[in-house]
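Q: test case, fold it:
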Amino acid sequence: MIPGLIVAFSLHWGAPAQRDDGWVSADKAKHFFMSAFVESVSFSALRTARVSRGEALTIATVATAGVGIGKEIYDRKFGGDPSVKDLVADGAGILAAGLVLRHTRP
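A: Residues are numbered from 1 along each chain as shown. From the prediction side, this is the model:
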């Protein structure tokens, strides 16, 4: 699990590409899918640790939102390209993963 998260974070925090900050772009897809991935892995790890489904989903959601917000703060502080649109894509990924995880078998 840890190697997977390291790979995920290294992809998410890679060098900034030249950006066209449109609502639909490869960057927004990366934000969407990375948020969904982080939430899913977090939820799975918490369930493996025998945390209840509701608590695991809540903790995974908050942790994933923290990663997305942290990424934008990092971008702002270290010369990246912070974007509200990135946060919206992160939120959409969190919502999509949350809906799927909520409807999985216990």
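Q: from now on I want contacts and neighbour counts done on CA atoms only, so please keep to that.
A: Will do.
Q: and the residue most central in space within the chain, what's its pLDDT?
A: For the chain, residue 35 is the residue whose C-alpha lies nearest the centre (C-alpha atoms, centre = their mean; 1.9 Å). On pLDDT, residue 35 comes in at 97.
Q: what does residue 27 give?
A: For residue 27, the pLDDT comes out at 88.
Q: would you agree the residue nearest to the centre of the chain is in contact with residue 64?
A: Yes. Assessed by C-alpha atoms under 8 Å, residue 35 is found in contact with residue 64 at 6.2 Å.
Q: overlap in contacts, those two.
A: residue 94 (C-alpha atoms under 8 Å, 6 or more residues apart in numbering).
Q: low-confidence ranges in this structure?
A: Along the chain, the parts satisfying pLDDT under 70 run over 1-20.
Q: at 50 instead, please
A: 5, 15 (pLDDT under 50).
Q: tally of neighbours for residue 44?
A: 19 (other C-alpha atoms under 10 Å).
Q: name the next helix or strand downstream of the strand or helix carrying the residue nearest to the centre of the chain, please.
A: Assigned by DSSP states H and E, residue 35 belongs to helix 26-48. The helix or strand immediately downstream of helix 26-48 is helix 53-77, counting by DSSP H and E.
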